[in-house]
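[1] Dropping the sequence and predicted coords here.
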Amino acid sequence: MTRLKSYVWLVALLVVACAGTAPNILQVQAGPGGLSSKKEEINDPSLARQLVFGEVNVKPLDLGSSMEVQVMIQNIVKRDIKFEYRFIWYDASGFEISSSTAWIPSFLSGREARGFKSTAPGPNAVSFKVMIRKPRPITDTGS
């Protein structure tokens, strides 16, 4: 019986350790005419209790050739929150067209809201995702 309790605790610990490893995502269908839809996906509930997605603004740049977007992210707690974010752009067929999808470290002070911007990599971009996650430690690649 003691061995069974140990296994149960081990499984519970693994479940808790793995929780919150996926980023929270805001998926936006946009175009030169503006915002047409947005969908939020919460994969890390503890992060969602600290940071929330807000208003999305779409601005055409050159007569339909490209666009710039700004997504408001708000810290809803009193303490500073460190996080990482990235934008990924897609064409009408759903293929990724982003030139860089690196995670960018950032932070928001207590109760601060700030706009995070990205420019479409080309005129065929029609949707994007902005993703936020808790900071990850930098690991050695062995090279």
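    On my side now, so go ahead.

[2] switch to C-alpha atoms for all contacts and neighbour counts from now on
    OK.

[3] got a list of contacts for the one helix or strand residue 52 maps to?
    Using DSSP states H and E, residue 52 maps to strand 51-60. Strand 51-60 is contacted from outside by 26, 30-35, 66-77, using Cα atoms under 8 Å, 6 or more residues apart in numbering.

[4] And the helix or strand just after that strand, how far out from the chain middle?
    Sequence-wise, the next helix or strand downstream of strand 51-60 (DSSP H and E) is strand 67-75. Mean-position distance between strand 67-75 and its chain equals 11 Å (Cα atoms, centre = their mean, to the nearest Å).

[5] Burial check on residue 93, number of neighbours?
    Counted with other Cα atoms under 10 Å, residues neighbouring residue 93 total 9.

[6] all strands for the chain, in order.
    Assigned by DSSP state E, the chain shows strands spanning 24-31, 34-41, 51-60, 67-75, 81-90, 104-108, 113-119, 127-133.

[7] As JSON lines, these with distance to residue 97 would be great.
    As requested, these are exported to JSON lines (distance: least, Cα to Cα, whole Å):
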{"stretch": "strand 24-31", "distance to residue 97": "14"}
{"stretch": "strand 34-41", "distance to residue 97": "19"}
{"stretch": "strand 51-60", "distance to residue 97": "18"}
{"stretch": "strand 67-75", "distance to residue 97": "14"}
{"stretch": "strand 81-90", "distance to residue 97": "5"}
{"stretch": "strand 104-108", "distance to residue 97": "18"}
{"stretch": "strand 113-119", "distance to residue 97": "12"}
{"stretch": "strand 127-133", "distance to residue 97": "10"}
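
[8] Out of those, flag the one nearest residue 98.
    strand 81-90 (5.0 Å; Cα to Cα).

[9] on contacts alone, who are the packing partners of that closest one?
    Counting contacts by 3 or more Cα pairs under 8 Å, 6 or more residues apart in numbering; DSSP states H and E, strand 81-90 packs against strand 104-108, strand 127-133.
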